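K.L.:
what follows is a predicted protein model with its sequence.
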Amino acid sequence: MDDIHVVESKPLLVDRDLPGLREAVQQLMIKEHDVETPYGRIHCSMKGVPKADRPVILTFHDIGLNHKTCWNPVFSHEDMQEIMLHFAVCHVDAPGQHEGANTFSTGYEYPSMDQLSETLPAVLKHFGLKSVIGMGIGAGAYVLTRFALDYPTMVEGLVLININPCAEGWMDWAAHKITGWAHDLPNMIISHLFGTEEIHNNHDLIGTYRHHIVNDMNHYNLQHFVKSYTSRRDLEIERPIPGSPITARTLKCPSLLVVGDSSPAVDAVVDCNTKLDPTRTTLLKMADCGGLPMVDQPAKLTEAFKYFIQGMGYSNMTRLVRSRTASGSSVTSFEGSRSRSHTNDGNRPRSHTAEQQLQQLQQQQQQQQQQRGQQQRSHVDTMDTSGGAADQVAHKSTEVSC
């Protein structure tokens, strides 16, 4: 029997202008499930009721985090609340990483990254889901990418933050072996999650997450998860040849790659972008943002996610309410109306404001959706900045900085 726990959802909205939205969000309940899979039990938290006519948003966190410490900052943002009225959300915790997890028994064999991706079909079956929109970061982004490669019909779209599609280099592997897992584990995870600039300058943020890793995480279980991630295989994805039938191993769903400009994963994400189908991939670089865009720029990430799912064809949502109060982690509020007509973006300078860049992303995705037709909402055509003679005759992948 699967264990199911119901947790009351606390009200998150306090804006007096949003009584209807606030009351609706309060009705959403969080149901916690321990789902049996071929590789052990997976702890999942489902918020909202899945709808038959649309996918569920499924999240997967990074090493050193669980679904709450990873995703709460963005999913508690008021703009995301409006999206959650239209999409149920399933948060997946890697084995042994959720709050209150029991310590693994001696000799427990932790699932590999490939095996973790193989647990997700069982999660979808448990909840009766046909498809998902995946949102993952770091190790979670890798797992979701592997899942989409192996089960393309189950994934309608992917938001991949800090994705690294490559196996860990032998130098990194040797360094981890020499330093020892137990002694240097918190520092190793901090350097994985945050860039050097953040570590040196943002002491409050680093202190908060270091405290969580040291005091809240089960270190024995965490070591298993970290070892699984650092032992990952190369995803072996490659960019299809423009104009030729797609025979390469690549993602078949629209994908939004996200990375902060001071994230330690910038090079890996840019490299991943060069390996994906440019007609279905957008790279979003966030200015003034470190390793966790969900924490540093929740408003920007929510805005980009809204445009992404609208570009997939889910455009019947009401307008998101713009944030009218500045938060400590977000420097941009999104006010005013948005143009729904496509302008000549090719002559526009690259140094747009965050508002203009996200509006450009929205306009591009709307135009491309019209070109493909409403009946093919699983594809998003985009424009490229990566160059190359062969790419110039095909649809291009978008690179947006905001």
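P.N.:
Noted; the coordinates are in hand.

K.L.:
rest of the way, CA atoms for contacts and neighbours
P.N.:
Will do.

K.L.:
how about the strands in the protein?
P.N.:
In the chain, the strands defined using DSSP state E lie at 3-7, 30-37, 40-47, 56-60, 89-93, 132-137, 155-161, 255-260, 281-286, 398-401.

K.L.:
Leu205 and Leu193, how far apart?
P.N.:
11 Å (CA to CA, to the nearest Å).

K.L.:
out of these two, which sits in the more crowded spot?
P.N.:
Leu193 (25 against 16; other CA atoms under 10 Å).

K.L.:
doesn't Leu292 make contact with that one?
P.N.:
Yes. Between Leu193 and Leu292 there is a contact at 7.1 Å, judged by CA atoms under 8 Å.

K.L.:
name the residues contacting each of the two.
P.N.:
Taking CA atoms under 8 Å, 6 or more residues apart in numbering as the contact definition, Leu193 and Leu292 share the neighbouring residues Ser263.

K.L.:
tell me where the stretch 51-200 of the chain has helices.
P.N.:
All helices of the stretch 51-200 of the chain, identified by DSSP state H, counting those that start in this stretch, fall at 67-75, 78-84, 113-118, 120-127, 139-150, 170-179, 181-193, 196-201.

K.L.:
so, low pLDDT: which residues of the stretch 101-250 of the chain?
P.N.:
Scanning the stretch 101-250 of the chain with the threshold set as pLDDT under 70 gives 169-183, 243-247.

K.L.:
rerun that using 90 as the cut-off
P.N.:
107, 168-184, 238-249 (pLDDT under 90).

K.L.:
so which bits of stretch 93-112 are buried?
P.N.:
By 16 or more other CA atoms under 10 Å, the buried positions in stretch 93-112 come out as Asp93, Ala94, Pro95, Gly96, Gln97, His98, Tyr110, Pro111, Ser112.

K.L.:
burial measure for the nearest residue to the first one once chain neighbours are set aside, as a count.
P.N.:
Spatial nearest neighbour of Asp93, chain neighbours left out: His43 (5.4 Å); criterion: CA to CA, 6 or more residues apart in numbering. Around His43 there are 24 other residues, counting by other CA under 10 Å.

K.L.:
same check on the one 10 residues further on?
P.N.:
A total of 7 residues lie near Asp53 under the criterion other CA under 10 Å.

K.L.:
so who does it touch?
P.N.:
Per CA under 8 Å, 6+ apart, neighbours of Asp53: none.

K.L.:
as a markdown table, the strands of the chain with distance to His219 would be great.
P.N.:
What follows is the strands of the chain, written out as a markdown table (distance: least, CA to CA, whole Å):
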| stretch | distance to His219 |
| --- | --- |
| strand 3-7 | 24 |
| strand 30-37 | 21 |
| strand 40-47 | 18 |
| strand 56-60 | 19 |
| strand 89-93 | 15 |
| strand 132-137 | 20 |
| strand 155-161 | 24 |
| strand 255-260 | 27 |
| strand 281-286 | 32 |
| strand 398-401 | 37 |
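
K.L.:
which stretch in the ones you listed has the least confidence?
P.N.:
Per-stretch mean pLDDT for the strands of the chain is lowest at strand 3-7 (a mean of 47).

K.L.:
hmm, back to that, looking at the buried residues of stretch 93-112, which is nearest Gly48?
P.N.:
Asp93 (17.5 Å; CA to CA).

K.L.:
any idea how far the closest one lies from Tyr39?
P.N.:
Distance from Asp93 to Tyr39, by CA to CA: 14 Å.

K.L.:
kindly report the same for Leu120.
P.N.:
In terms of CA to CA, Leu120 sits 10 Å off from Tyr39.

K.L.:
who has more neighbours, those two?
P.N.:
In this view Leu120 and Tyr39 are compared by other CA under 10 Å, and Leu120 has more residues nearby, 22 against 15.

K.L.:
thought that one was touching Thr145?
P.N.:
No. Under the criterion of CA under 8 Å, Leu120 is not in contact with Thr145, lying 11.6 Å apart.

K.L.:
residues contacting Gly136?
P.N.:
Gly136 neighbours (CA under 8 Å, 6+ apart): Thr59, Phe60, His61, Asp62, Tyr142, Val143, Leu144, Leu158, Val159, Leu160, Ile161.

K.L.:
and for Val123?
P.N.:
Counting by CA under 8 Å, 6+ apart, Val123 touches Val35, Thr37, Ile42.

K.L.:
now do Arg146
P.N.:
Per CA under 8 Å, 6+ apart, neighbours of Arg146: Asp114, Ser117, Leu235.

K.L.:
now the last one: closest residue in space that isn't a chain neighbour?
P.N.:
Read that as Leu235. Pro165 (5.4 Å).
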